[in-house]
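[1] Please work out how this folds:
(chains A and B)
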Amino acid sequence: DIVLTQSPLSLPVTPGEPASISCRSSQSLLNSNADNCLAWYLQKPGQSPQLLIYLGSNRASGVPDRISGSGSGTDFTLRISRVEADDVGVYYCMQPLHTPWTFGQGTKVEIK
Amino acid sequence: QVQLVESGGGVVQPGRSLRLSCAASGFTFRSFAMHWVRQAPGNGLEWVAAISFDGSDRYYADSLKGRFIVSRDNFKNTLFLQMNSLGAEDTSRYYCARETGSSLDYWGQGTLVTVSS
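    Predicted structure coming up:
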């Protein structure tokens, strides 16, 4: 199985400041089309996960451009350029390349 | 708008069975593969199972050891998860989600399953 390792696991942030989360895969997530098969989700307190980023760097509908994804192969990063109070929650990376699909452990983002 | 509504959760004794349902609306259900993902209290997300758009292919997490069966009814726009021989380790909120090929783009609110005597 592909193992996704996120860091940090806890991230205190200051509103208006940038933040970033790393996701490292035990195997390359490049498919035969040279797409990076990595998605990012945010699970706000008491809610279901919501899709933020797919194929490594594509924003889902309605996701603000201050949230971005980057990386290739085995190393990926989610960046928030200016953190807002509404960004708190747990962020997960997920790989849809190989069954079983797997998630990272999650990174809890909270306001300082 | 896309809606996924899970039902069928509850408290069940160890060793018993339970069937979850996920009613889909707002999109052409028969055109999309569907997944189940679960989340134990206070824990992260765990992929459980997936089924192709027409039900011909099914995939499961190895940890389930053949106890769960995913199915769908494309006439009733409903996804199912039959869970057998339940144990305490199956206590979780179970979410259904729609697959796009490269992500799970819509998720339901989940249904809570508690395995307890």
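
[2] okay, now B:Thr100: neighbour count?
    17 (other Cβ atoms under 10 Å in any protein chain shown). To be clear about C-beta, it is placed using only N, CA and C from the backbone, and glycine gets the same treatment.

[3] In the chain, which residue is most central in space?
    Going with chain A. A:Trp40 (3.3 Å; Cα atoms, centre = their mean).

[4] think we crossed wires, I meant chain B
    For chain B, by Cα atoms, centre = their mean, the most central residue is B:Trp36; offset 3.3 Å.

[5] hang on, it packs against B:Leu81?
    Yes. Using Cβ atoms under 8 Å, B:Trp36 is in contact with B:Leu81, at 5.1 Å.

[6] Common neighbours of the two, please.
    B:20, B:22, B:48-49, B:70, B:94, B:96 (Cβ atoms under 8 Å, 6 or more residues apart in numbering or on different chains).

[7] neighbour-wise, which of the residues you listed leads?
    B:Cys96 (30 neighbours).

[8] Who are the contact partners of the residue nearest to that residue when sequence neighbours are not counted?
    Excluding the flanking residues, the one nearest B:Cys96 by Cβ to Cβ, 6 or more residues apart in numbering or on different chains is B:Cys22, at 3.4 Å. Each residue near B:Cys22 by Cβ under 8 Å, 6+ apart is listed here: B:4-7, B:34, B:36, B:78-81, B:96, B:108.

[9] Repeat that for A:Leu30.
    A:36-37, A:72-73.

[10] how many neighbours does B:Ala23 have?
    16.

[11] my read: it touches B:Phe80, true?
    No. Here B:Ala23 does not reach B:Phe80: they are 10.4 Å apart, not a contact under Cβ under 8 Å.

[12] Check what pLDDT residue 19 gets.
    Defaulting to chain A. Confidence at A:Ala19, expressed as pLDDT, is 97.

[13] wrong one, chain B
    pLDDT, read off for B:Arg19, is 98.

[14] Can you list the neighbours in contact with stretch A:101-110?
    A:1-13, A:19, A:21, A:23, A:43, A:83, A:87-95, B:35, B:44-47, B:50.

[15] Perfect, that will be all.
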